[in-house]
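1. mind looking at a prediction? Sequence and model below.
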Amino acid sequence: MAPIKLAVVGAGPSSFYVASRLLSLLPRSGPHASSLKIHLYDRLWAPYGLVRYGVAPDHPEVKNCTHKFDEAATDPRLRFFGNVNIGTTSPFSYALPLSLEALMPYYTHILYSTGCTVPILHPALPPSEYCIPALSMVHWYTQHPSKPSPPPLDRTSHVTLIGQGNVSLDVARMLLTPPDHLAKYDVPMPVLDILRRSAVQHVSIVGRRGPLQAAFTTKELREMMNLPDSSMVPLDPALLAQVQGASLTRQQSRTLQLLQKGSKNKPGTTAKTWSLDFFRSPTGLTTPVSPSDKARLTLAHTTLDPSSRAVPTGESSTLDTDLVITSLGHRSEPSAPWYDPALGHLRTISGRVVNADGRVMRNAYASGWAAMGARGVLASTMMDAYAVVDTILRDHFPGEDVQTTAASGPESAADKAAEADALEVLPKEVDLDAIPPEVEAGLKEGRVTEFEDWRRVDAEEIRRGEELGKERERMDWEEAHNFLAKTRT
Ligand SMILES: Cc1cc2nc3c(=O)[nH]c(=O)nc-3n(C[C@H](O)[C@H](O)[C@H](O)COP(=O)(O)OP(=O)(O)OC[C@H]3O[C@@H](n4cnc5c(N)ncnc54)[C@H](O)[C@@H]3O)c2cc1C
Ligand SMILES: NC(=O)c1ccc[n+]([C@@H]2O[C@H](COP(=O)([O-])OP(=O)(O)OC[C@H]3O[C@@H](n4cnc5c(N)ncnc54)[C@H](OP(=O)(O)O)[C@@H]3O)[C@@H](O)[C@H]2O)c1
């Protein structure tokens, strides 16, 4: 049987779920023995994508998925190459730039799992000193290699979040949780220092639709309700009464119950407060003349049309605020191959990559947020990855009884036709162990990292954390690079 040598672009959870599934379905001994090699490339020096550089520090249990990823990485058929930026313009000067054309001749198969790394901005709210995307906040508190400037929390008493998804609530929780509660988690010390000096008193979480349309989940809303030192500004009872009679999903009923009950701390009993401001859509931000003044956000009042879309009522109001944080979701990088601007992510059919003319690229696949858009949690990312593995295996072993998951469903006639008409873009035969010479050189220089390097950094971060009484103390690339150079045998 022809081997599968798979290049995976991106080493986030989707990539690792695909890799671990392939490794377990094609065991080292048996009929498909030694026919599989998987090379994961990430432009970040550390693996795991948003699990390391996205998931909120006070949700450590979410990161347990990395145990499965680490186990996959012990398989000698898998290699990880960090600090290699494939195709697009590299945002980090130290990441090795490698074109897709330079990568493809070394692989029989390719998988794009590059996620959705670009925040969606609001047309009325361009980024400025007074308006930043939530992803910059997330990158700040996770010490992402993009190194955004720290938010000016020492002179910020009022924050406005635009968007009512889970990322919005993550950011609100980070701003309102007492820093002493956060100290035991994976919050870098420089971040804790800034949170300790924070002047934030109120966080408004603004949504253009109503309580039944809010994108956050009940668990995250409950965490907001239970914040130790904050209370929610009660909602107008008329707003809640309006939606009472509607036929509700389980999630909507739970959300409504929580909203009716309000926060654990009663209003007026805490110094810090937060609010959910429904049916408001930003139309502009006036920046202050003097730095001691607040910025002024203009909000159009909205209502729902019959399709549950937000439409303006014609009324508006203003909100004085120090910092606006837009949290409107994410899209893939437009310069990624097979990117569809109308979708905001790559064009695929059942995990197979499709070009602008609608033709499938043979043996080229996409998974995770790069293929689905920025929707869903790790569990759905895992199910999607398993379905893509089914497609890869069905394409490679046509007619054979390859174990499949319920997630993939039966292959349709349209899928089969698309595959039959596929464009050949990858070689059928390659040297199974070869890697591009640029990557080989990067490894020798210590610029490109391998999984073993990550294991050593990981152990050191945990050791440093133990000394400080916390989960881990993170290293940035400069520190990790020096640490690896010093300790390399
Ligand atoms: C802030 C935030 C918090 C979240 N918290 C939770 C949570 O608590 N629980 C939960 O279940 N889900 C959470 N999610 C959702 C979860 O993170 C996603 O479902 C999941 O990360 C998607 O995985 P992915 O591998 O597709 O993308 P990503 O995790 O984004 O991984 C993509 C990887 O590709 C790399 N890459 C991109 N471009 C290139 C390139 N050109 N060359 C090389 N590498 C490249 C990136 O560096 C990245 O490592 C959160 C999402 C966000 C945004
Ligand atoms: N703890 C967790 O499990 C966790 C944590 C973080 C993220 N995640 C997951 O990651 C995914 C992405 O989360 P996210 O919060 O980034 O995105 P999201 O869930 O898509 O929420 C985006 C929010 O922005 C609003 N919005 C979008 N465009 C807007 C516009 N032009 N004007 C005003 N509001 C606008 C949306 O409102 P409309 O509905 O009106 O469009 C929605 O409230 C989700 O699936 C989420 O569950 C999970």
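-> Now that the structure is in, tell me what you want to look at. Ligands and ions are numbered 1, 2, ... in the order given.
2. drop to CA atoms for contacts and neighbour counts, all remaining ones
-> Fine.
3. which strand or helix spans residue 68?
-> helix 65-73 (DSSP states H and E).
4. does anything pack onto that helix? Which helices or strands?
-> Judged by 3 or more C-alpha pairs under 8 Å, 6 or more residues apart in numbering; DSSP states H and E, the packing partners of helix 65-73 are helix 13-25, strand 78-82.
5. any chance of these in a markdown table, with mean pLDDT too?
-> Formatted as a markdown table, these follow (pLDDT from 0 to 100):
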| stretch | mean pLDDT |
| --- | --- |
| helix 13-25 | 97 |
| strand 78-82 | 98 |
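6. nearest to ligand 1, of those?
-> Ligand 1 sits nearest to helix 13-25 of all the helices and strands packed on helix 65-73, at 3.7 Å, using C-alpha to the nearest ligand atom.
7. does any part of the helix holding residue 68 sit near ligand 2?
-> No: using C-alpha under 6 Å from any ligand atom, helix 65-73 never reaches ligand 2; the gap is at least 13.3 Å.
8. may I see the buried residues of that helix?
-> 65, 66, 69, 70, 72, 73 (16 or more other C-alpha atoms under 10 Å).
9. let me have the residues you listed in CSV, extended by pLDDT.
-> Formatted as CSV, the buried residues of helix 65-73 follow (pLDDT from 0 to 100):
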residue, pLDDT
65, 97
66, 97
69, 98
70, 97
72, 97
73, 98
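10. run through the residues of the chain sitting next to ligand 1.
-> 9-15, 41-44, 48-51, 54-55, 62, 84-88, 113-116, 138, 167, 368-370, 376-378, 381.
11. among those, which ones are buried?
-> 9-15, 41-44, 48-51, 54-55, 84-87, 113-116, 138, 167, 368-370, 378, 381.
12. rewinding a little: which among the buried residues of helix 65-73 gets closest to ligand 2?
-> Closest to ligand 2, out of all of the buried residues of helix 65-73 and judged by C-alpha to the nearest ligand atom, is residue 65, at 13.3 Å.
13. that closest one and residue 452, how far apart?
-> 18 Å (C-alpha to C-alpha, to the nearest Å).
14. strands - which of the buried ones among the residues of the chain next to ligand 1 land there?
-> 9, 41, 42, 84, 85, 86 (DSSP state E).
15. test my guess that the third one contacts residue 9.
-> Right, residue 42. Yes: using C-alpha atoms under 8 Å, residue 42 and residue 9 qualify as a contacting pair, with a distance of 6.3 Å.
16. spit out the residues that contact those two alike.
-> Common contacts of residue 42 and residue 9, defined by C-alpha atoms under 8 Å, 6 or more residues apart in numbering, comprise residue 86.
17. show me the contacts for residue 102.
-> residue 436.
18. please apply the same query to residue 219.
-> Here residue 219 is in contact with no residue (C-alpha under 8 Å, 6+ apart).
19. just the element for it, please.
-> helix 218-225.
20. can you report how many residues lie near whatever residue of the stretch 201-350 of the chain ends up closest to ligand 1?
-> Closest to ligand 1 within the stretch 201-350 of the chain is residue 336: 7.0 Å, counting by C-alpha to the nearest ligand atom. By the measure other C-alpha atoms under 10 Å, the count of residues near residue 336 is 18.
21. what does the one 10 residues further on give?
-> Residues near residue 346, counting by other C-alpha under 10 Å, number 33.
22. give the bridge partners for it, please.
-> residue 339 (DSSP bridges).
23. contact partners for it?
-> 332, 336, 337, 338, 339, 340, 353, 366, 370, 371, 372.
24. which of those fall within helices?
-> Within the contacts of residue 346, residues falling in helices by DSSP state H are 370, 371, 372.
25. would you turn the residues you listed into JSON lines with pLDDT and distance to residue 483?
-> Shown next, in JSON lines, are the ones in helices among the contacts of residue 346 (pLDDT from 0 to 100; distance: C-alpha to C-alpha, whole Å):
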{"residue": "370", "pLDDT": "98", "distance to residue 483": "33"}
{"residue": "371", "pLDDT": "98", "distance to residue 483": "36"}
{"residue": "372", "pLDDT": "97", "distance to residue 483": "37"}
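26. buried stuff in stretch 333-353?
-> Buried, per 16+ other C-alpha under 10 Å, within stretch 333-353: 333-334, 336-340, 344-353.
27. stretch 279-290 now?
-> Buried-residue list, stretch 279-290, by 16+ other C-alpha under 10 Å: 279, 280, 281, 282, 284, 285, 287.
28. out of the residues you listed, who's nearest residue 296?
-> Lowest distance from residue 296 to the buried residues of stretch 279-290 (C-alpha to C-alpha) belongs to residue 285, with 5.6 Å.
29. look up the pLDDT of the closest one for me, please.
-> Per-residue pLDDT puts residue 285 at 98.
30. give the pairing partners of the helix or strand harbouring it; include direction for each.
-> Residue 285 belongs to strand 280-286 when assigned by DSSP H and E. With DSSP bridges as the test, strand 280-286 is paired with strand 295-304 (antiparallel).
31. the strand it pairs with vs ligand 2: in contact?
-> No: applying C-alpha under 6 Å from any ligand atom, one finds strand 295-304 out of contact with ligand 2, separated by at least 9.9 Å.
32. list the buried ones in that strand?
-> For strand 295-304, by 16+ other C-alpha under 10 Å, it's 295, 296, 297, 298, 299, 300, 301, 302, 303.
33. now do the contacts for the fourth one.
-> When contacts are counted by C-alpha under 8 Å, 6+ apart, residue 298 touches 282, 283, 284, 285, 316, 317, 318, 319.
34. go on, the fifth one?
-> Each residue near residue 299 by C-alpha under 8 Å, 6+ apart is listed here: 280, 281, 282, 283, 284, 316, 317, 318, 319.
35. beta-bridge partners for it, please?
-> residue 282, residue 317.
36. contact residues of the stretch 151-300 of the chain facing ligand 2?
-> So far as C-alpha under 6 Å from any ligand atom goes, the stretch 151-300 of the chain lies against ligand 2 at 163, 164, 165, 166, 167, 168, 207, 208, 209, 214, 215, 281.
37. looking at the helices and strands packed on helix 65-73, which is nearest to residue 187?
-> Nearest to residue 187, of the helices and strands packed on helix 65-73 and by C-alpha to C-alpha, is helix 13-25 at 20.8 Å.
38. elements contacting the closest one?
-> So helix 13-25, by 3+ C-alpha pairs under 8 Å, 6+ apart, packs with strand 36-42, helix 65-73, helix 378-396.
39. could you measure from residue 425 over to ligand 2?
-> Separation of residue 425 from ligand 2 (C-alpha to the nearest ligand atom, to the nearest Å): 32 Å.
40. spit out the contact partners of that residue.
-> Residue 425 touches 361, 362, 363, counting by C-alpha under 8 Å, 6+ apart.
41. against residue 176, how distant is the spatially most central residue of the chain?
-> Closest residue to the average C-alpha location of the chain: residue 50 at 4.3 Å, with C-alpha atoms, centre = their mean. The gap separating residue 50 from residue 176 is 22 Å, by C-alpha to C-alpha.
42. what do you get for residue 216?
-> In terms of C-alpha to C-alpha, residue 216 sits 17 Å off from residue 176.
43. part of a helix, is residue 191?
-> Yes: membership of residue 191 in a helix is supported by DSSP: H, G, I helix; E, B strand; the rest coil.
44. just list the residues touching it, thanks.
-> 140, 141.
45. same thing but at 10 Å, please
-> 140, 141, 142, 143, 150, 151, 179, 183 (C-alpha atoms under 10 Å, 6 or more residues apart in numbering).
46. right, I'll leave it there.
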